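Engineer: sequence isn't available, so here's the structure alone:
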Ligand code: ARG
């Protein structure tokens, strides 16, 4: 009987301690799996550290492409933003990490998977539920949910077991990052009245220090997928990274969110999501042009549901698949170009065009060329207001005094 477990490994203190802890507590062999979903610093150093700390094997997977194509872009097409603020970067990374853990476990004949999430957050839910959906036979071990150690005790444990802790003063924050965004929690941020200190932000410049000239971007979409930037075709990962750099330089993408976690806690979350903010803004602007009023309204409702499903760990669910099919259908004419202006932390849409635009100049204009039949409006209003006139005859419609 195999005694192997695949651990999602970040190289940080918690997952390093987890390697030792699992060996001691469960007497299992740990295979470390590090998934690159973008913005991971030194993968080879992380891999080596896993082995030094006691993993029997250390795997590294570059998952940036599948992350973008199968998770980021579908979420973008859906305009999925949790509680109107959070573009869900961490939340869409988890199902992919779960999928890769399951694949590695099957390949290596492991009987369990493990992760470093605590028992207070959303990430444990996303990973556990995703693993259950993909491989119900696999057991999930979550050391940080079980060991009941404070941060200090974890560090002491690491020292006792000769697990290297970064010599540089470790960040006072808990950070998770991928191509779609960066989440920063803990430390002074836990006081919602405290302005986030400078050192919280790494990807975005403070608006006070951004260039005094705006930057203009033109993003072209094909069926809701961004395909080119300023006339140059780029594949997903490169496109996101290029926008990330430009928008960060102009201070775009900072979010300060009092967020409602699935486990019932309100938490203060700071995000940096420069590429996500730019692309979501552009995508919605193009939809405004090519979808009807009714399509837009219904899609906004779907976006809210879709975002909740993602946030709440239900990526691998029938309903998410159903909503994805609906969203896919809405995107068939979301083709065209959006022009944006980045300046001092703002991202503003300043132009949009599409071969499928429903905007009709001859209907909208107040100038020469107007084809709208204004004389028809009075008859329309007569019928439109009929129920109100009927009601006014028998009921008072004045505001109460
Ligand atoms: N609150 C965000 C979410 O639930 C970010 C979580 C960040 N995760 C972390 N381990 N620091 O998706």
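Structural biologist: Sure, I can see it. Please read all numbers here as calculations on a predicted model, not as lab measurements.
Engineer: where does pLDDT dip in the stretch 101-250 of the chain?
Structural biologist: 166-170 (pLDDT under 70).
Engineer: again, only using 80
Structural biologist: Scanning the stretch 101-250 of the chain for pLDDT under 80 picks out 165-171.
Engineer: show me what from this protein comes close to the ligand.
Structural biologist: Counting by C-beta under 6 Å from any ligand atom, the residues of the chain lying close to the ligand are 90-91, 122-123, 174, 176, 183, 185, 259, 269. (C-beta placed from N, C-alpha, C; glycine too.)
Engineer: one more pass at 8 Å, please.
Structural biologist: Selection of the chain residues close to the ligand by C-beta under 8 Å from any ligand atom yields 82, 86, 88-91, 94, 117, 121-123, 126, 174-176, 183-185, 259, 261, 267, 269, 271, 311.
Engineer: all strands for the stretch 201-350 of the chain, in order.
Structural biologist: Secondary structure of the stretch 201-350 of the chain (DSSP state E, counting those that start in this stretch): strands at 215-222, 225-229, 232-233, 254-260, 266-272, 336-343, 346-353.
Engineer: out of these, which is the most enclosed?
Structural biologist: Most buried of these, by mean neighbour count (mean count of other C-beta atoms under 10 Å): strand 336-343, with a mean of 21.
Engineer: and it, how far out from the chain's middle?
Structural biologist: Mean-position distance between strand 336-343 and its chain equals 21 Å (C-alpha atoms, centre = their mean, to the nearest Å).
Engineer: now swap in stretch 47-61 and tell me
Structural biologist: 28 Å.
Engineer: buried residues in that stretch?
Structural biologist: 47, 49-50, 53-55, 57-61 (16 or more other C-beta atoms under 10 Å).
Engineer: identify the farthest-apart pair in those residues.
Structural biologist: 54 and 61 (20.5 Å; C-beta to C-beta).
Engineer: so how far is residue 20 from residue 159?
Structural biologist: Remark: distance between residue 159 and residue 20 (C-beta to C-beta, to the nearest Å) = 12 Å.
Engineer: tell me which of those two has more neighbours.
Structural biologist: residue 20 (20 against 11; other C-beta atoms under 10 Å).
Engineer: just say helix, strand or coil for that one.
Structural biologist: helix (DSSP: H, G, I helix; E, B strand; the rest coil).
Engineer: quick one: it and the ligand, what's the gap?
Structural biologist: 20 Å (C-beta to the nearest ligand atom, to the nearest Å).
Engineer: what does residue 334 give?
Structural biologist: For residue 334 relative to the ligand (C-beta to the nearest ligand atom), the value is 26 Å.
Engineer: try residue 191
Structural biologist: 17 Å.
Engineer: ok, how many other residues are close to that residue?
Structural biologist: Neighbour tally, residue 191, other C-beta under 10 Å: 9.
Engineer: what sits closest to it if chain neighbours are left out?
Structural biologist: residue 268 (7.8 Å; C-beta to C-beta, 6 or more residues apart in numbering).
Engineer: run through who's touching stretch 14-24.
Structural biologist: 5, 7-9, 28-30, 32, 49-50, 53-55, 114-116, 141, 143-144, 147, 154, 157-158, 161, 163-164 (C-beta atoms under 8 Å, 6 or more residues apart in numbering).
Engineer: narrow those to those in helices?
Structural biologist: 49-50, 53, 143-144, 154, 157-158 (DSSP state H).
Engineer: looking at these, which is nearest residue 76?
Structural biologist: Taking the ones in helices among the contacts of stretch 14-24 together and measuring to residue 76 by C-beta to C-beta, the closest member is residue 144, at 31.2 Å.
Engineer: can you pull the contacts of the closest one?
Structural biologist: Taking C-beta under 8 Å, 6+ apart, one finds 14, 18, 116-119 in contact with residue 144.
Engineer: next: residue 391.
Structural biologist: Contacts of residue 391 by C-beta under 8 Å, 6+ apart are residue 397.
Engineer: how far away is it from residue 287?
Structural biologist: 36 Å.
Engineer: what of residue 389?
Structural biologist: Distance from residue 389 to residue 287, by C-beta to C-beta: 36 Å.
Engineer: of these two, who's got more company?
Structural biologist: Remark: of residue 389 and residue 287, residue 287 carries more neighbours, 24 against 9, as counted by other C-beta under 10 Å.
Engineer: which one is that one nearest to, not counting chain neighbours?
Structural biologist: Per C-beta to C-beta, 6+ apart, closest to residue 287 is residue 334, 5.9 Å.
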